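> quick one, what's the 3D model for this:
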Amino acid sequence: METLEQIRARVVAACPEAVVDLVLNASPSAQHSLRVDREHVAGVALFLRDDPGLRLDYCSNVTGIDWPDRTEKVKVKRTVEGVEKEVEETRTIPGFLEVVYHLYSIALKHGPVILRVRTIDRLQEVAVPSLTPVWRGCELQEREIYDLFGVHFDGHPDLRRLLMWEGFKDHPMRKDYVDPDDYEYEPTPHDRVLERAKAWQDRGGVV
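Numbering: from 1, shown residues only. So this is what the prediction gives:
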């Protein structure tokens, strides 16, 4: 199989309007990936599936990731009492949700090629195109990400909760998700769960 740099170059040539970034992975697995903008990820997916040299016809896994807001310290130049100085300021970097697709070629027996797409933010603009029309195996996995992370997949054929019940509020895999106190779904609470269940009961709840 071609290197990821070569694949990226061919994607850019075939889809010149797409923004395609190479994301390096410094871990021992060294599984680098391609991050594609939301507007063009469906077209890039079609290219990866249909290109004769790639034929990435199988999506084995779809994963959701929650990246909360974070802060970083940066040095900037400011004029203080008429003198220009370099000062340290704290900057907030908005968070987002990310969807990661692992692609293989059954026909050519190679892979994986890892594809990433991000939402605009974590709260309001949380939509990305569904890739289920490209790889049918994405259907249930995108539903799981919708359910647990709150990513809305535009064009999904059956976008509804998969693990949680309809009417359940929030998304349990978000990093800022707060567990309920009642734990009524836990028949034998213990340790931290037992402590929270007792506290909830003491406030008038029923376990």
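> how near is the residue of the chain most remote from its centre to K75?
If you look at how far each residue of the chain sits from its centre, by C-alpha atoms, centre = their mean, the farthest one is G82, at 46.3 Å. G82 sits 20 Å away from K75 when distances are taken as C-beta to C-beta, to the nearest Å. No exception for glycine: its C-beta is placed from N, CA and C like everyone else's.
> hmm, V23 is touching L34, no?
Yes: distance between V23 and L34: 7.1 Å, which falls inside the contact criterion (C-beta atoms under 8 Å).
> ignoring the adjacent residues along the chain, who's closest to I93?
Using C-beta to C-beta, 6 or more residues apart in numbering and skipping the chain neighbours, the partner closest in space to I93 is R70 (5.2 Å).
> now the residue nearest the centre of the chain: which helix or strand?
By C-alpha atoms, centre = their mean, the chain has its centre lying nearest to E98, at 2.0 Å. Element membership of E98, judged by DSSP states H and E, is strand 96-105.
> re the thing from before, contacting residues for the residue nearest to the centre of the chain?
Residues touching E98, when contacts are defined by C-beta atoms under 8 Å, 6 or more residues apart in numbering, comprise 64-65, 67, 116-119.
> state the pLDDT value of it.
At E98, the pLDDT value in this model is 98.
> what of Y185?
Reading off the per-residue confidence, Y185 sits at a pLDDT of 54.
> next one: A14
Spelled out, the predicted local distance difference test score at A14 is 96.
> OK, contacts around it?
47, 51.
> now swap in I93 and tell me
Applying C-beta under 8 Å, 6+ apart as the definition, the contact partners of I93 turn out to be 69-72.
> of these, closest to V178?
Comparing the contacts of I93 against V178 with C-beta to C-beta places D69 closest, at 16.7 Å.
> quick one: neighbours of that closest one, just the number.
Residue crowding around D69 was assessed by other C-beta atoms under 10 Å; the count is 12.
> quick check: closest non-adjacent residue to it.
Counting by C-beta to C-beta, 6+ apart, the nearest residue to D69 once its immediate chain neighbours are dropped is G95, at 4.4 Å.
> V99 too?
With sequence-adjacent residues excluded and distances taken as C-beta to C-beta, 6+ apart, V99 is closest to V117, at 5.3 Å.
> what sits against that neighbour?
Taking C-beta under 8 Å, 6+ apart, we find V117 in contact with 35-38, 41, 98-99, 128-129.
> ok, of the contacts of I93, which one's closest to H110?
Using C-beta to C-beta, the shortest approach to H110 within the contacts of I93 belongs to R70, at 35.7 Å.
> from what I see, that closest one and F96 are in contact.
No: R70 is beyond contact range of F96, at 10.8 Å (criterion: C-beta under 8 Å).
> so which of those two has more stuff around it?
Each of R70 and F96 has its neighbours counted (other C-beta under 10 Å); F96 has more, 17 against 10.
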